[in-house]
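1. Sequence below, structure please.
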Amino acid sequence: MKKILVAEDNPANRELMGEVLAGRGYEVIEACDGQEALRKIEEMNPDLVLLDIQLPLLDGFAVLQQIRQMPRFAKLRVVAVTANAMKEDREKGAKAGFDAYISKPIDVAGLRTQVAELLSSAD
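-> Have a look, this model is predicted:
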């Protein structure tokens, strides 16, 4: 079973993504802030991370930077999840090293499709 970390400080968004992914048979791990996200990545070794950009303690960019510095997680797929959906925001995320971008509010069908594509291309 593939493991997905949902790092999101908004409980409603975290619950929505968790329910959608669990309904597809994925094991969902949750984190509420950037430090917890890093800890859970180390402990649980997820296959994919859905990472809110505006997390407390460490924002998504800081979390991604630390992930990319760990050789063990060099190929870990990390998706930026954010309400900032302008073209410049997507470009900034791509330059930072995010593998994909999901806009809020969450499009459930798009979330399912994107997660499935990312996980199949990671194999």
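2. Does anything pack onto the helix or strand bottoming out on mean pLDDT in the chain? Which helices or strands?
-> Within the chain, judged by mean pLDDT, DSSP states H and E, the helix or strand with the poorest mean is helix 87-96; its value is a mean of 76. Helix 87-96 sits against helix 60-68, strand 77-82, strand 100-103, with contacts defined as 3 or more Cβ pairs under 8 Å, 6 or more residues apart in numbering; DSSP states H and E. For glycine as for every other residue, the C-beta is placed from the backbone atoms N, C-alpha and C.
3. What angle do helix 60-68 and it make with each other?
-> Between helix 87-96 and helix 60-68, the angle comes out at 20 degrees (axes from the mean of the first three to the mean of the last three Cα atoms, to 10 degrees).
4. outside of helix 87-96, which residues touch it?
-> If you take Cβ atoms under 8 Å, 6 or more residues apart in numbering as the criterion, helix 87-96 is touched by 53, 61, 64-65, 80, 82, 101.
5. cool, and stretch 27-45?
-> Applying Cβ under 8 Å, 6+ apart, the external contacts of stretch 27-45 come out as 1-9, 14, 17-18, 21-22, 46, 49, 51, 55-60, 62-63, 66-67, 73, 76.
6. Now the terminal residues of that stretch, how far apart.
-> 12 Å (Cα to Cα, to the nearest Å).
7. chain center to that stretch: distance?
-> From the chain centre to the centre of stretch 27-45 is a distance of 10 Å (Cα atoms, centre = their mean, to the nearest Å).
8. Pull out the buried positions in that stretch.
-> Neighbour counts using 16 or more other Cβ atoms under 10 Å place 28-38, 40-41 of stretch 27-45 among the buried residues.
9. likewise stretch 67-84?
-> Taking 16+ other Cβ under 10 Å as the neighbour-count basis, stretch 67-84 is seen to contain the buried residues 67, 73, 76-82.
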